[in-house]
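In: what follows is a predicted structure for the sequence shown.
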Amino acid sequence: MQNRRASRETALKAIYAVEVGNNKPQDTTKQIIKPLLNDDAETVKFAEKLLLITVDHSSDFDSIIERHIKNWDVQRLAIVDKLILRMAISELLHFDDVPTKVTINEAIELAKKYSTRKSGNFVNGILDAVLNQFQKENKINKKGRGLIEASNT
């Protein structure tokens, strides 16, 4: 299995193709995800799940993002920042085996690599606020070894 960072990068490219190029998710799986991940079944599955959840829930995720950006409209965000935020929210809510810290760190790294100079800090700030909201609402349900974070309170 290749690493999940490669899956996330590939999923971001596929999500971009759907969002900007109006491609179908199934087509991007065949044309982007499988070739870039060398048909590695486990890695392809992770990237495809990330693609489908992110695309299927994009308007819900935009509403979540909107709550945490001050004096700004989600439609005015840099497209790559918005897609990275959507992907990270997908992971926080729908990938029970991925620790929240890993999700946020990976989103920051993607933003640094694929977006603007200040995007890493922006993505970090928004995701910290989103995670805090999700924890207060008991929406984070992580399972498995190393996924339960001890509270100091």
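Out: Nice, I can see it.
In: contacting residues for the most centrally placed residue in the chain?
Out: Centrality entry for the chain: nearest residue to the mean C-alpha point is M87, 1.8 Å, by Cα atoms, centre = their mean. Taking Cβ atoms under 8 Å, 6 or more residues apart in numbering, we find M87 in contact with 8, 11-12, 15, 50, 54, 107, 110. Where you see a C-beta, it was placed from the backbone N, CA and C, and this is true even at glycine.
In: okay, it: pLDDT?
Out: What the model reports as pLDDT for M87 is 98.
In: now the helices: where do they sit in this protein?
Out: Across the chain, reading from the start of the chain, the helices by DSSP state H fall at 4-21, 25-28, 34-36, 41-56, 58-66, 79-94, 100-114, 119-136.
In: and the third one, average pLDDT?
Out: The pLDDT scores in helix 34-36 average 95.
In: now do that helix: which elements does it pack against?
Out: In terms of contact count using 3 or more Cβ pairs under 8 Å, 6 or more residues apart in numbering; DSSP states H and E, helix 34-36 is assigned the packing partners helix 4-21.
In: may I see the buried residues of the helix it packs on?
Out: By neighbour count, and taking 16 or more other Cβ atoms under 10 Å as the criterion, the buried residues in helix 4-21 are 4, 6-19.
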